[in-house]
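Participant: no FASTA, just this:
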């Protein structure tokens, strides 16, 4: 993928994001179509970057560390049943809503995408390390 293609993908992703933001809450089917296209474009960029030797082992290690840090920070900020103001009845967040709130928080940072990127980078690094000639 050359710079022009990458720029076109970025523009389309930005346009998709703008459309998603502007959708009314009840536009489920359009939202699903846009998210599918968004994931398709993201996957294209990820596979393109990882398929070629665009990243050195050091760059991959730094990116792995960044992703691990981001995921760890997000996990530390997830809500628990005791989050929020306490009331005399054992208060906090209603357990019925806790899972949904955490799911939405995960979606807001693209946690599944981050985990997928992390897994692919780890696989790529492992492949690079296996391909190294043995040291004498």
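Facilitator: Noted; the coordinates are in hand. All of these numbers come straight from a predicted model, not from anything done at the bench.

Participant: The lengthiest helix in the chain packs against which elements?
Facilitator: The single longest helix within the chain, with elements called by DSSP state H, is helix 28-51. Packing partners of helix 28-51 (3 or more CB pairs under 8 Å, 6 or more residues apart in numbering; DSSP states H and E): helix 3-22, helix 111-131. Placement of C-beta: from N, CA and C, glycine included.

Participant: Quick check: buried residues in the shortest one?
Facilitator: The neighbour-count criterion (16 or more other CB atoms under 10 Å) identifies 9, 16, 19 as the buried residues of helix 3-22.

Participant: Kindly report the same for the last one.
Facilitator: The neighbour-count check on helix 111-131 (16+ other CB under 10 Å) flags 111, 114, 117, 118, 121, 124, 125 as buried.

Participant: if we can go back for a sec, tabulate the helices and strands packed on helix 28-51 in CSV, adding columns for distance to residue 75 and mean pLDDT.
Facilitator: Converted to CSV, the helices and strands packed on helix 28-51 look like this (distance: least, CB to CB, whole Å; pLDDT from 0 to 100):
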stretch, distance to residue 75, mean pLDDT
helix 3-22, 25, 89
helix 111-131, 9, 89
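
Participant: Ok, which of these comes nearest residue 96?
Facilitator: helix 111-131 (21.6 Å; CB to CB).

Participant: Which secondary structure state is assigned to residue 78?
Facilitator: For residue 78, the assignment made with DSSP: H, G, I helix; E, B strand; the rest coil gives coil.

Participant: circling back to that earlier point, quick one: which of the helices and strands packed on helix 28-51 is nearest residue 55?
Facilitator: Comparing those by CB to CB, helix 111-131 comes nearest, at 7.5 Å.

Participant: the inter-axis angle of the closest one versus helix 28-51?
Facilitator: Counting by axes from the mean of the first three to the mean of the last three CA atoms, to 10 degrees, helix 111-131 lies at 20 degrees to helix 28-51.

Participant: Residues contacting helix 111-131, please?
Facilitator: 39, 42, 46, 50, 55, 57, 60-61, 63-64, 67-68, 70-71, 74, 106 (CB atoms under 8 Å, 6 or more residues apart in numbering).
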